[in-house]
Structure formats: C-alpha cells, structure tokens
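1. What follows is a predicted structure for the sequence shown.
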Amino acid sequence: MRFVVVVLLTICGAAGAVAALAVSPWWWCGAAPLLALALLAWADLVQPRHSILRNYPVLGHLRFLLESLRPELQQYFVERNFDGRPYDRDTRSIVYERAKGVDAEQPFGTERDVYAVGHESLVPSLAPVRQPEEAPRVRIGGPDCTQPYDMALLNVSAMSFGSLSANAILALNTGAARGGFAHDTGEGGLSEYHLRPGGDLVWEIGTGYFGCRTPDGGFDPEQFAEKAAHPAVRCLSLKLSQGAKPGIGGVLPGDKVNAEIASVRGVPQGETVVSPPYHRVFSTPRELVRFLARMRELGGGKPVGFKLCVGSRRQFLAVCKAMREEDVTPDFIVVDGAEGGTGAAPLEFADHLGMPLTEGLITVHNALVGTGLRARVRVGASGKVATGSDLVKRLLMGADYTNAARAMMFAVGCVQAQRCHTNRCPTGVATQDARRARALNVADKSTRVARYQEATVKSALQIMAAMGVSEPGGLHPGQLMRREPDRAFRPFDELYDWLEDGELLTAAPEAWAADWKHADPDAFAI
C-alpha cells in the first residue's frame, strides 16, 4: 500500500510539472510540493535507519515532529501548576515574578493537596517576632583560616563558563556584585566574565583541575596559587561529586569548546572535554584532608571547602575521622542533593545515584555534630533551592546557608526547555552559540538576579519571623512537619535521628555504631 501511495505522489507531481511546462507556470504551485513529497517518500522507503519511515513514508515525520515538541506541549498545555518536573510552574513563576520585581502572590488558597503523603509544612508560632531589617550573614572560616568570608543566606551555585554562555556568567556575577552574595564558578575555570563585574567568587576546581591544570591534566600548584590570590576569589572549593551525576566526571561537548573556553580551561579547542570521575591528588580520606590544608596554604589562608553528593554515610564518617586525626577541617562543606544539577547527565545517574538533599544534608550535619567538628565547619545546601520556604527548610535541617543554580538560571531567562546539552538553548543561557547568547541582555538580567536573591531571602526572613525566630540559629527540626503514609503529621525531629555533640566519640547510638566502627580514615570503603 505504501508503495502505491509513493508511486501516485510521483505520478501526480510529474503530471503537474508537465502541465507547468506545457500549459501555465501556475501549475508549479501544486506540482512543486507534490514532487518534494515524492522525493521525501522515496528517500524514506530506501533509508535503513528508521522502520517507521520505511512503513509510513512522509507521515512518519509527523511522529518525530510531535516527539520533539513533547516537552513544550507537556509544559505549556498538559501539566498542572504544581506537578511539573523538574520544577513546577508555580515555582518557576515565583522566581520569574521576584526577578521582575512583581509580588509573588496567589489568590484563593493553595492548589496543593495538603493531605497527600509527603506534604511538608513549616510550623508557625502563636508569638511571631519582628522581621530583622538586615539579612544575617554566615562567617566562613575555621581555626586555620586567616581570611574569613561572610556568606549570604542564598548564593549562586556552581555553573561553569562553557556550560553557560558568557552573557549568562556576566549577568550572574553582576547580580552577585549588586546584591552582595557569592557566585560559585563551577569547575570550568576562572574566566574574564567571572572577574570583570567584581562579584565575590567561590572558585571551584574539580577532577579536571581547569584553570590550574598541567599539560597532562594534573594539578598545578603555581597556577592555583596565582589565581587564588585574586581579590575577587573569596573562597576555594574542591568538587568531589555533584548531585546530577555523583561518581562520574563532567562532559562539555566539543561544539561548545571554542578558543576562549579552551584557553580558560587549558584544553584543546573543539574537542569534547571529559573530567575524570576521580581525583589524582588524593585517594584516601586522610589524603583528601591533607590536600584541603594544602589548598588553604596555597590560597593564602582563604576559606577552603569541598562539595559532594552524599552516597555512603560510612565514607563521610571516614573523612570525619581523618579530620580529627589530622586536626585539619575544611572551612565549609557544600552538600549537593541528588535532585540537583544544571548540567546534563546520564538518566540512570540522575534518577538512581546519590542521596536527595534532605537525607544528605542531615547525614553531613549529624556526622559533624557527632564527631565534635560542627563548630569548625559551615555547611551549605544545594539542590532545588528556589523559594524562601526551601531556604528555611534547609536551614532547620542543618545548613548554615544555601546555593541555587537552576533558580538563578530562571532569573536570567531560562524557560526549562531542557536543551542545555545541545548548544541550542532558546534563551541564550546554556549555549556557546553567539547568536543565541546575544539575546540575553546582561544589564536587564543582572538586575533580575539581584532582585530575585533579595526577595527570596526577604521571604525566608518573613517565614522565620512567622515561626517566632529572628535569626537562623533559632530554627530546629521540630519546626518542619511531614505527612506520613499512616496519615500522621510528624515533625522532623521524630522522623530522623539527631546526634548530640561528640556523641560518636563516646557512645555511638545503635543506628550509627556499625558505620562509625568500620569507617576507615585510610580508605574510602563502603
């Protein structure tokens, strides 16, 4: 049947062409489309790759067209305001409205099912307090740090130049400079777009050591020391793993690696850049801790920390044991949740590896408390932090401050098209296509970044005041409730174990005893 249809198309197109030549050129209006369809149909019949096109020439292309439009159709016409993924429309709208300076308010009550299993609710107080006029800041700097830094409650999380466009980086850093918050560079190196606006930077290095890399891909201490001395660099971060793809290195497609990115990263132009999944400079918890001390020394005493997506509690306890035995602690630890990640990742990694932020953050906080180290280390939380309530929840779970990546992308114009890895971002955020990136107006978007951060922190402080708390230290896990499968509404201080200061050193509770006993400071054993 399909062959008959293709032959008929060919005959009709040919007849139209004859009529156009013999009778009137107007016949081309019908003949040309028919001939084009006939050529496409013959090509579909003989091509070997797609069975659908061989069985349904021409019509099969409609299937591929609809498939390519599916994310947009789903987002704009199918999903409800509160059930989209990764971010629902309500959350995106809050970010857009705050970035534009519009009140993010909703009439007629919540659309969410507050009786659904898993629904979380913060506990208001019958004695609210006055909201503080100035947003509190967090002092980052342990006993070995000589240049401490006061971190804002919400900052720009790690996103590299290369993954994001030059204009996106400029907008983020300019917004950070205006708003007085920090901007994590991601592992892609220090570029002029990070440095030009003058915003405070957390310089992150990963397994590829971009920006401080030897020709064979190792760590170059001289380059590191030189760049760490830049006054805009306020903190130094070592990436162990990230939420979207823990245990695997980052990938920057070759079509994004132009001459400028190649120069910043110290890699060949036009070649796909793959960061290895492991570090060369350490292979045990003890070596990790010693390397952090070396980074702080090379950095002139600036705060040093590391970022990880938690997998094994035992491995993190091994790091804590190494800290105690070496008497060396990082100044900060950023916990990245498995739900986080602006970069593209293999679906299996994004869906199935690593702890979500709630469990990862509580694990790290409790491990530090239980080993008597919490007072020396500040903890940051990164993973789907977008609203004031997100920020408050992470603070009461044990974080001292938060970082946001995708929410900051929304503030500079991201529409969650999920084309980040294709170099065809429609808004110029996650692309190195100069034509597409030109659409992102730095002056306008940087103002939006600053507005969004300010409004979100203000919202968090309003929520805290409604909870009867005037500063983050007054928050505790009992102020967050979750609906459980038995329909009971339980506070987080009952749902999770919370250790006392130094408890693991004296008498580890049963739930932690085996992991603490077998944690080895000289091996990353699970």
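-> Okay, I see it.
2. For residue 360, the count of nearby residues, please.
-> Neighbour count for residue 360, taken as other C-beta atoms under 10 Å: 29. C-beta here means a position set from N, CA and C on the backbone, and glycine is covered the same way.
3. again with residue 454
-> Neighbour tally, residue 454, other C-beta under 10 Å: 20.
4. buried set for the helix ranked longest in the chain?
-> The longest helix of the chain (DSSP state H) is helix 442-466. Residues of helix 442-466 classed as buried under the neighbour-count rule (16 or more other C-beta atoms under 10 Å) are 442, 445-457, 459-461, 463-466.
5. pretty sure residue 269 contacts residue 258?
-> Yes. Between residue 269 and residue 258 there is a contact under C-beta atoms under 8 Å: 6.6 Å.
6. Any idea which helix or strand in this protein has the lowest mean pLDDT?
-> Of all helical and strand segments in the chain, the minimum by mean pLDDT, DSSP states H and E falls on helix 347-352, at a mean of 66.
7. I'd like the next helix or strand past that helix.
-> Counting by DSSP states H and E, the next helix or strand C-terminal to helix 347-352 is helix 357-370.
8. what's the distance between that next one and the middle of its chain?
-> Here the centre of helix 357-370 is set off from its chain's centre by 20 Å, with C-alpha atoms, centre = their mean, to the nearest Å.
9. And stretch 511-524, by the same measure?
-> Put simply, stretch 511-524 sits 30 Å off its chain's centre (C-alpha atoms, centre = their mean).
10. Run through who's touching that stretch.
-> By C-beta atoms under 8 Å, 6 or more residues apart in numbering, the surrounding residues in contact with stretch 511-524 are 283-286, 313-315, 317-322, 325, 370, 497, 499, 504, 508, 525.
11. Which parts of the stretch 151-300 of the chain are strands?
-> Taking DSSP state E, counting those that start in this stretch to define them, one finds strands in the stretch 151-300 of the chain at 154-156, 182-184, 200-205, 233-239, 251-252, 273-274.
12. actually the stretch 401-526 of the chain, not the one I typed
-> Assigned by DSSP E, counting those that start in this stretch, the strands in the stretch 401-526 of the chain fall at 401-404, 480-483, 489-491.
13. Could I get the buried residue list for the shortest one?
-> Buried positions in strand 489-491, judged by neighbour count with 16+ other C-beta under 10 Å: none.
14. Show me what it pairs with in its sheet, parallel or antiparallel.
-> Taking DSSP bridges as the criterion, strand 489-491 forms sheet pairs with strand 480-483 (antiparallel).
15. Show me the contact partners of the strand it pairs with.
-> Counting by C-beta under 8 Å, 6+ apart, 114-123, 393, 396-397, 489-492, 495 sit against strand 480-483.
16. Now, of the residues you listed, which are buried?
-> Buried members of the contacts of strand 480-483, scored by 16+ other C-beta under 10 Å, are 122, 393, 396, 397, 492.
17. Tell me which two in the residues you listed are the farthest apart.
-> 122 and 397 (11.8 Å; C-beta to C-beta).
18. Surely residue 168 is in contact with residue 428?
-> Yes. Look at residue 168 against residue 428 with C-beta under 8 Å: they come within range, at 7.1 Å.
19. quick one, which of these two is more surrounded?
-> More neighbours surround residue 168 than the other of residue 168 and residue 428, with 29 against 25 (other C-beta under 10 Å).
20. so what's the more buried one up against?
-> 159, 409, 412, 428, 429, 430, 437, 440, 445.
21. contacting residues for the fourth one?
-> Contacts for residue 428 (C-beta under 8 Å, 6+ apart) come out as 165, 167, 168, 413, 436, 437, 438, 439, 440.
22. where in the stretch 1-150 of the chain is pLDDT low?
-> Counting by pLDDT under 70, the stretch 1-150 of the chain contains low-confidence residues at 1-3, 5-6, 9, 13, 16, 20, 64, 67-85, 104-109.
23. hmm, try it at 80
-> For the stretch 1-150 of the chain, applying pLDDT under 80 flags the ranges 1-24, 27-31, 34-35, 37-38, 40-46, 48, 50-56, 58-89, 103-113.
24. all strands of it, in order?
-> 120-122, 138-140, 149-151.
25. Can I get those in JSON lines including distance to residue 194?
-> Putting these into JSON lines (distance: least, C-beta to C-beta, whole Å) gives the following:
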{"stretch": "strand 120-122", "distance to residue 194": "35"}
{"stretch": "strand 138-140", "distance to residue 194": "19"}
{"stretch": "strand 149-151", "distance to residue 194": "16"}
